[in-house]
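A.B. asks: Pasting a predicted model and its sequence here:
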Amino acid sequence: MEMLINFVTDLHKKTIRCRMPQKGMMEMNLTRYESINSSIVLDFEEYIKEDRLDVTQVSAKILEEDWRIVNDSVFTKILYFVSIAIESLKYKEIADFIYSKLNTYLENIEFEKHIDKNEIEMLTRDIQICKKLIADKRGYKIRETSESAKSRVEYILGLKVDS
């Protein structure tokens, strides 16, 4: 017999619920960090392999599609930029609009008080990984984008999230 699983993600409650008809409701707790990070990894794979987009297009598309989550807090904004940078560098390039913001997001970071300590530790670990990858200037190239693309990203990052 085939079993169907429906995933409903609520990043603010940090829970994924899976409905399995024979077994009722099962919950798997995923942190906001894990959920966002996994989503970015999967988006890169899908958009590059299936949609044939390049790293700059994928980076911009993720920021545009997830702008409410990106702009929700300092934590989520840094998480998005660090995760996008790490995924980009796996393809040996990075969008200039991601690269140009990394210094701001990799240094002197103070997160909101309500962010879980474990999530901060996971992001701090990724920040260190990102710093090491960025330090190897020969391992990647910075992909230049048009001024309109950079302006679009700036616009997206400036949007306010309704509480």
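C.D. replies: Noted; the coordinates are in hand.
A.B. asks: Can you report phi and psi for the residue nearest the centre of the chain?
C.D. replies: For the chain, the residue nearest the mean C-alpha position is residue 80 (3.2 Å; Cα atoms, centre = their mean). Dihedral angles of residue 80 (phi, psi; degrees, to the nearest 10) stand at phi -60, psi -50.
A.B. asks: Quick check: residue 95 touching residue 63?
C.D. replies: No - if you go by Cβ atoms under 8 Å, residue 95 and residue 63 don't touch, sitting 9.7 Å apart. Bear in mind the C-beta positions are built from the backbone N, C-alpha and C, glycine included.
A.B. asks: which residues of this protein score low on pLDDT?
C.D. replies: 1-31, 108, 163 (pLDDT under 70).
A.B. asks: same thing but at 50, please
C.D. replies: Applying pLDDT under 50 to the chain picks out residues 1-29.
A.B. asks: Stretch 156-163: which residues count as buried?
C.D. replies: Residues of stretch 156-163 classed as buried by neighbour count (16 or more other Cβ atoms under 10 Å): 156, 157.
A.B. asks: Check stretch 124-135 too.
C.D. replies: Those would be 126, 127, 130, 133, 134, for stretch 124-135 by 16+ other Cβ under 10 Å.
A.B. asks: The fourth one and residue 61: what is the separation?
C.D. replies: Remark: distance between residue 133 and residue 61 (Cβ to Cβ, to the nearest Å) = 22 Å.
A.B. asks: coming back round to it: quick one: which of residue 95 and residue 63 has more around it?
C.D. replies: residue 95 (26 against 23; other Cβ atoms under 10 Å).
A.B. asks: got the phi/psi numbers for the more buried one?
C.D. replies: phi -70, psi 140.
A.B. asks: Now do the contacts for the residue nearest to the centre of the chain.
C.D. replies: 36, 40, 62, 63, 66, 69, 70 (Cβ atoms under 8 Å, 6 or more residues apart in numbering).
A.B. asks: again with residue 131
C.D. replies: residue 106.
A.B. asks: Going by neighbour count, list what's buried in stretch 80-99.
C.D. replies: Within stretch 80-99, judged by 16+ other Cβ under 10 Å, the buried ones are 80-89, 93-99.
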